[in-house]
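[1] give me a 3D structure for the following:
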Amino acid sequence: MKNILRSCIFAVMAIALLPAGTLAQERRDKEQTYVLEHPYEVTKITPPQGKKIKNVILMIGDGMSLMHVYSAWTANRGKLFLDNCQTVGLSKTYCANKLITDSGAGGTALATGQKTIYHAVGVDPEGRPLKSLVDLAAAKGKSTGLAVTCRLWDATPADFCCHNIDRDAEAAIVADYVNCNADYVFGGGAKLFENRKDGRDLFAELRAKGFQTPRSWEDLVTIKNGKVFAVPYSVDTPLPADRGDLLARASLKGIELLNLNKNGFFMMIEGSQLDDYGHFNDLDLLMQETHDFDRTIGEIYKWAAQDGETLVIVTADHETGGLTLVDGDLKEGKIVCKFSTGGHSGVMVPVYAFGPGAQEFTGIFENTAIFDKIKKLLNL
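    Numbers count the residues shown, from 1 in each chain. Have a look, this model is predicted:
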């Protein structure tokens with residue numbers, strides 16, 4: 001018995017002495033199984049037949065590849081709202097100085113039409129600020145907005161509103177939102193808007209610029225017009241199972257307010273936490289977030305189909321986790337997957353389009369072309 005106990009102690013000690021990278025590699029080498037116990041219904045959504053484009057909604061699944069989409073499709077028994085798209089293209093994601101990009105450079109390409117260096121947000125390779133689709137749409141008299149499930153100093157939302165050569169300069173990045181041209185912002189990260197080391201209260205500064213700053217969903221839902229900067233959470237929004245359909249509700253609330261502008265609007269919506277769970281190599285949470293993003297896509301497609309003058313584009317900034325579907329069962333909603341990295345990989349990512357102008361998004365193109373196409377279609 002003593003020998004067995006001693007062996008167990010030595011085994012635990014040996015594991016504790018292994019480098020963290022070795023443990024992470026062992027996790028990646030293991031297959032993970034996920035079954036969606038309660039699949040959700042997916043309806044057919046017919047896109048509008050008109051040609052006028054008044055509004056554009058850009059939806060970004062952070063780190064979402066074709067493998068994420070196909071795995072989620074399999075888990076939901078062969079159904080996704082995303083399938084209602086009319087056209088599909090492929091986007092090349094490399095950045096100015098690296099083949100494998102990050103959300104800073106990848107999102108900046110989508111937001112501004114220029115490739116930049118790894119870890120930069122909203123600036124060119126020399127650190128000069130770039131104008132984003134938010135800026136250009138606002139200059140044309142359109143309303144603009146963002147809705148994300150992450151902290152607002154995270155790279156993707158910052159790419160559309162902020163400017164910094166280093167995405168890790170979080171406090172400085174958040175301060176840029178005070179001068180952002182967005183009319184509606186929803187996300188997390190309240191802890192860097194107040195009680196700051198520099199003594200600034202960014203919520204007070206935003207209110208001085210005409211923004212309403214609701215700190216809860218209950219407060220946000222009562223607002224009927226005007227500019228809104230809603231940050232109900234200290235850091236990220238809750239996990240997918242805890243927050244319910246929050247991303248869909250926050251997105252539709254933004255659309256409700258932005259659509260009051262007769263000139264139309266541009267909005268960016270992000271399924272942010274796909275990236276986190278890809279980094280963590282956590283298949284369960286990754287599928288929860290992907291399905292939440294797909295259900296949000298369904299709500300946006302439904303709204304756009306009724307509106308008739310809204311183009312919806314769904315894409316990603318890069319792939320995260322090197323996800324591979326290695327086995328599964330379509331009838332059971334079972335997937336068996338492996339991850340190849342705790343970082344990003346270099347695959348092209350899909351681009352889906354729904355609504356007037358969708359035909360412009362077929363083929364293989366640079367990620368910067370998504371900006372170019374939106375700019376052209378909205379006459380920015």
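
[2] any idea how far residue 75 is from the nearest residue to residue 372 once chain neighbours are set aside?
    Nearest in space to residue 372, with sequence neighbours left out and distances taken as C-beta to C-beta, 6 or more residues apart in numbering, is residue 113 at 5.6 Å. Placement of C-beta: from N, CA and C, glycine included. From residue 113 across to residue 75, the span is 35 Å (C-beta to C-beta, to the nearest Å).

[3] who has more neighbours out of the two?
    More crowded of residue 113 and residue 75, by other C-beta atoms under 10 Å: residue 75, with 26 against 22.

[4] can you pull the contacts of the more buried one?
    Taking C-beta atoms under 8 Å, 6 or more residues apart in numbering, we find residue 75 in contact with 34, 35, 36, 39, 287, 291, 333, 334, 335.

[5] which helix or strand contains the fourth one?
    It stands for residue 39. Using DSSP states H and E, residue 39 maps to neither a helix nor a strand.

[6] then the last one?
    Counting by DSSP H and E, the element that carries residue 335 is strand 334-338.

[7] after that strand, which helix or strand is next?
    strand 344-345.

[8] re earlier: report the buried residues of the strand holding residue 335.
    Along strand 334-338, these residues count as buried under the neighbour rule (16 or more other C-beta atoms under 10 Å): 335, 336, 337, 338.

[9] what separates that strand from the chain centre, distance-wise?
    What separates the centre of strand 334-338 from the centre of its chain is 23 Å, taken as C-alpha atoms, centre = their mean, to the nearest Å.

[10] and it, average pLDDT?
    Mean pLDDT, strand 334-338: 98.

[11] all the helices of this structure, residue numbers only.
    2-17, 20-29, 66-75, 103-112, 133-139, 155-161, 170-175, 202-208, 217-221, 240-243, 246-258, 273-279, 283-307, 368-377 (DSSP state H).

[12] now this protein, which segments are flagged as low pLDDT?
    Flagging of the chain using pLDDT under 70 yields the residue ranges 1-27.

[13] quick one on the thing from earlier: now the helices of the chain as CSV including distance to residue 357?
    Rendered in CSV, the data for these read as follows (distance: least, C-beta to C-beta, whole Å):
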stretch, distance to residue 357
helix 2-17, 55
helix 20-29, 40
helix 66-75, 22
helix 103-112, 16
helix 133-139, 14
helix 155-161, 20
helix 170-175, 32
helix 202-208, 33
helix 217-221, 31
helix 240-243, 31
helix 246-258, 18
helix 273-279, 26
helix 283-307, 11
helix 368-377, 5
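
[14] go ahead and confirm residue 73 touches residue 67.
    No: judged on C-beta atoms under 8 Å, residue 73 makes no contact with residue 67 at a distance of 10.5 Å.

[15] out of the two, which sits in the busier spot?
    residue 73 (21 against 17).

[16] and that one, how close does it get to residue 323?
    Distance of residue 73 to residue 323, given as C-beta to C-beta: 13 Å.

[17] quickly list what's touching both of the two.
    Applying C-beta under 8 Å, 6+ apart, one finds that no residue jointly contacts residue 73 and residue 323.

[18] what is the neighbour count of the closest residue in space to residue 203 that isn't next to it in sequence?
    In space, and not counting its chain neighbours, residue 203 is closest to residue 213: 4.7 Å by C-beta to C-beta, 6+ apart. Using other C-beta under 10 Å, residue 213 is surrounded by 20 other residues.

[19] identify the residues contacting the residue lying closest to residue 267 once chain neighbours are set aside.
    Counting by C-beta to C-beta, 6+ apart, residue 145 is the residue found nearest to residue 267 once chain neighbours are left out, at 4.5 Å. Residue 145 sits next to 182-186, 254-255, 257-258, 265-268 when contact means C-beta under 8 Å, 6+ apart.

[20] in this structure, which strand has the most residues?
    strand 143-151 (DSSP state E).

[21] C-alpha coordinates for that strand, CSV please?
    What follows is strand 143-151, C-alpha atoms only, in CSV (Å, rounded to 0.1, in the frame of the first residue of the first chain):
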residue,chain,number,x,y,z
SER,A,143,-26.0,56.1,-37.8
THR,A,144,-23.4,53.7,-36.6
GLY,A,145,-23.2,51.0,-33.9
LEU,A,146,-21.3,48.1,-32.3
ALA,A,147,-22.6,45.2,-30.2
VAL,A,148,-20.1,42.6,-28.8
THR,A,149,-19.9,39.9,-26.1
CYS,A,150,-16.3,40.9,-25.0
ARG,A,151,-14.7,43.8,-23.1
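
[22] which residue is nearest the centroid of the chain?
    residue 270 (2.7 Å; C-alpha atoms, centre = their mean).

[23] about what we covered before: pick the one among the buried residues of strand 334-338 closest to residue 150.
    Closest approach to residue 150 among the buried residues of strand 334-338 (C-beta to C-beta): residue 337, at 23.1 Å.

[24] flag every buried residue along stretch 353-369.
    353, 354, 355, 356, 357, 358, 360, 361, 365, 367, 368, 369.

[25] rebuild those residues as CSV, extending it with distance to residue 346.
    Putting the buried residues of stretch 353-369 into CSV (distance: C-beta to C-beta, whole Å) gives the following:
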residue, distance to residue 346
353, 23
354, 27
355, 30
356, 33
357, 29
358, 27
360, 25
361, 21
365, 16
367, 13
368, 17
369, 18
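
[26] go through these and flag which are in strands.
    Among the buried residues of stretch 353-369, DSSP E puts 353, 354, 365 in strands.

[27] let me have those in a markdown table, extended by distance to residue 44.
    Compiled in a markdown table, these are given as follows (distance: C-beta to C-beta, whole Å):
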| residue | distance to residue 44 |
| --- | --- |
| 353 | 17 |
| 354 | 12 |
| 365 | 28 |
